[in-house]
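Peer 1: Return a 3D structure for these sequence lines:
(one chain, ligands or ions: 2)
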Amino acid sequence: MKVVLLGASGQLGREWQDFIERQDEDEFNLLAYTSDDLDITHYQQVSDELRKQKPDLVVNCAAYTDVDGAEDHRKLAQKVNVEAVLYLAELSQELEFKLLHYSTDYVFPGSKLDRRAMPEGYPEDYPADPINWYGRTKWEGEQAIRNTSSNYLILRLSWVCGQYGSNFVKTMLELGRERDKLQVVNDQWGSPSFTTDIVRNSIALINAEATGTYHYTSKGLISWYDFAEKIFTLSDINVEVESVDSDTFSTKAPRPHFSKLNTRKITAELGEVVDDWEEGLIALLEQLKKR
Ligand SMILES: NC(=O)C1=CN([C@@H]2O[C@H](COP(=O)(O)OP(=O)(O)OC[C@H]3O[C@@H](n4cnc5c(N)ncnc54)[C@H](OP(=O)(O)O)[C@@H]3O)[C@@H](O)[C@H]2O)C=CC1
Ligand SMILES: Cc1cn([C@H]2C[C@H](O)[C@@H](COP(=O)(O)OP(=O)(O)O[C@H]3O[C@@H](C)C(=O)[C@@H](O)[C@H]3O)O2)c(=O)[nH]c1=O
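Peer 2: Numbers count the residues shown, from 1 in each chain. Ligands and ions are numbered 1, 2, ... in the order given. Here you go, the predicted model:
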């Protein structure tokens with residue numbers, strides 16, 4: 001299968017490349033493009049390249065992911081997360097490739113009431129109602145695909161962490177080593193998704209010829225504070241972590257209080273593929289230690 005990977009230098013893009021390199025058979029012929037190789041907002045270049053390569057599958061790991069930055073750079077976030085995605089969806093229809101696109105838990109409103117009503121998380125068909133600009137652009141990008149392409153897979157993820165790029169685990173390890181004391185929010189609940197699990201399950205969904213929208217995240221429901229505590233305990237880092245609410249640790253973009261994704265649908269499709277978040281964290285810390 002010929003696969004074009006966009007956003008190849010991000011945390012998920014690099015994990016995709018690693019995963020394919022580790023495969024024994026040549027199941028996938030992967031062509032990886034960083035933003036320098038191919039900017040997805042340069043439509044003519046995208047069109048020329050995809051017409052030339054004629055892929056069976058385009059994996060879109062490219063996105064504007066700076067949640068606070070999106071509030072100040074609304075047009076850019078809109079261009080990358082909506083307009084360029086619409087263009088990819090149009091090309092998928094015209095050139096007949098499958099489009100695998102990633103989206104986020106931040107499309108959901110995340111009220112504290114929702115946490116009580118849906119402790120196992122939001123199902124795929126729960127109405128989106130994002131509370132920040134990043135979430136809004138990601139939702140509009142999803143809708144652009146649904147309204148345009150008949151051959152797509154949208155995989156919603158939450159709290160993505162892996163060995164590459166920047167994420168909460170790596171930020172905590174850095175801050176924990178630099179500082180004596182940290183504040184971490186205790187009133188935003190969800191679950192991390194680890195990049196190795198995401199790529200494995202993305203490929204399983206592709207092999208199962210799944211289409212439509214799916215959720216993937218680890219088992220369990222934790223706050224960022226719980227996550228930070230576990231990162232420090234497992235890493236033997238001695239730092240004082242103060243548990244604070246979102247008003248105390250305020251950010252430019254509001255974050256949902258609850259953003260757990262329900263994973264019943266992917267489990268029904270693929271079997272018991274959803275891993276425990278603590279196991280995922282232990283594996284990631286091991287990987288980081290080796291690097
Ligand atoms: N990170 C997270 O916690 C979550 C992420 N997701 C989704 O998962 C997907 C992958 O995220 P993740 O790997 O974490 O993100 P990263 O921020 O690590 O990577 C995003 C990549 O997109 C590239 N990019 C940005 N703009 C363009 C552009 N115009 N053209 C081409 N490439 C571009 C970036 O390149 P460069 O660095 O060179 O600009 C970067 O390599 C995204 O769709 C994201 O919304 C979903 C839930 C949680
Ligand atoms: C660094 C830091 C963050 N926080 C808070 C801020 C925020 O509410 C939460 C997580 O911080 P981050 O900056 O990693 O969060 P954030 O950028 O909101 O992460 C999100 O990224 C996008 C792309 C997604 O799609 C989401 O699923 C989610 O993973 O922890 C603290 O409380 N203390 C700290 O020292």
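
Peer 1: ok, now which ones touch the residue of the chain positioned farthest from its centre?
Peer 2: Among residues of the chain, the one most distant from the C-alpha centroid is residue 180; the distance is 30.5 Å, by CA atoms, centre = their mean. Contact analysis of residue 180 by CB atoms under 8 Å, 6 or more residues apart in numbering lists 239-240. In short, each C-beta sits where N, CA and C put it, glycine included.

Peer 1: Need the pLDDT of it.
Peer 2: Residue 180 carries a pLDDT score of 94 in this model.

Peer 1: gap between it and residue 225?
Peer 2: Residue 180 is 17 Å from residue 225, where distance means CB to CB, to the nearest Å.

Peer 1: Pull the number of nearby residues for the spatially closest residue to residue 112 that is not a sequence neighbour.
Peer 2: Counting by CB to CB, 6 or more residues apart in numbering, residue 112 lies nearest to residue 257, which is 5.0 Å off, once chain neighbours are set aside. A total of 21 residues lie near residue 257 under the criterion other CB atoms under 10 Å.

Peer 1: For residue 257, list the residues it contacts.
Peer 2: Applying CB under 8 Å, 6+ apart, one finds that residue 257 lies in contact with 110-112, 115, 187-189, 246.

Peer 1: out of the residues you listed, who's nearest residue 141?
Peer 2: When the contacts of residue 257 are ranked by distance to residue 141 (CB to CB), residue 110 comes first, at 18.7 Å.

Peer 1: Look up how far residue 117 lies from the closest one.
Peer 2: Taking CB to CB as the measure, residue 110 falls 12 Å from residue 117.

Peer 1: Looking at those two, which has the bigger crowd around it?
Peer 2: Neighbours per residue (other CB under 10 Å) separate residue 110 from residue 117, with residue 110 holding more: 25 against 10.

Peer 1: Where does the residue nearest to that one when sequence neighbours are not counted fall, secondary structure wise?
Peer 2: In space, residue 110 comes closest to residue 256 once its chain neighbours are excluded; the distance is 2.1 Å by CB to CB, 6+ apart. Assigned by DSSP states H and E, residue 256 falls within no helix or strand.

Peer 1: how about the strands in the stretch 151-291 of the chain?
Peer 2: Under the criterion DSSP state E, counting those that start in this stretch, the stretch 151-291 of the chain carries strands at the ranges 152-157, 160-161, 181-185, 189-190, 193-194, 212-215, 222-223, 240-244.

Peer 1: Take these and write them to JSON lines, including distance to residue 88 and mean neighbour count.
Peer 2: Putting these into JSON lines (distance: least, CB to CB, whole Å; neighbours: other CB atoms under 10 Å) gives the following:
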{"stretch": "strand 152-157", "distance to residue 88": "9", "mean neighbour count": "23"}
{"stretch": "strand 160-161", "distance to residue 88": "20", "mean neighbour count": "24"}
{"stretch": "strand 181-185", "distance to residue 88": "34", "mean neighbour count": "17"}
{"stretch": "strand 189-190", "distance to residue 88": "27", "mean neighbour count": "26"}
{"stretch": "strand 193-194", "distance to residue 88": "22", "mean neighbour count": "28"}
{"stretch": "strand 212-215", "distance to residue 88": "16", "mean neighbour count": "19"}
{"stretch": "strand 222-223", "distance to residue 88": "34", "mean neighbour count": "19"}
{"stretch": "strand 240-244", "distance to residue 88": "40", "mean neighbour count": "15"}
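
Peer 1: Point out the residues in the chain that sit beside ligand 2.
Peer 2: Residues of the chain found near ligand 2, taking CB under 6 Å from any ligand atom as the criterion, are 65, 67, 104-106, 158-160, 168, 171, 175, 182-185, 188, 224, 249, 251, 255.

Peer 1: Show the buried residues in those.
Peer 2: 65, 67, 104-106, 158-160, 168, 175, 182, 184-185, 188, 224, 249, 255 (16 or more other CB atoms under 10 Å).

Peer 1: Please state the offset of stretch 19-38 from the chain centre?
Peer 2: How far stretch 19-38 lies from its chain's middle: 19 Å, per CA atoms, centre = their mean, to the nearest Å.

Peer 1: buried residues in that stretch?
Peer 2: Going by neighbour count (16+ other CB under 10 Å), the buried part of stretch 19-38 is 19-20, 28, 30-35, 38.
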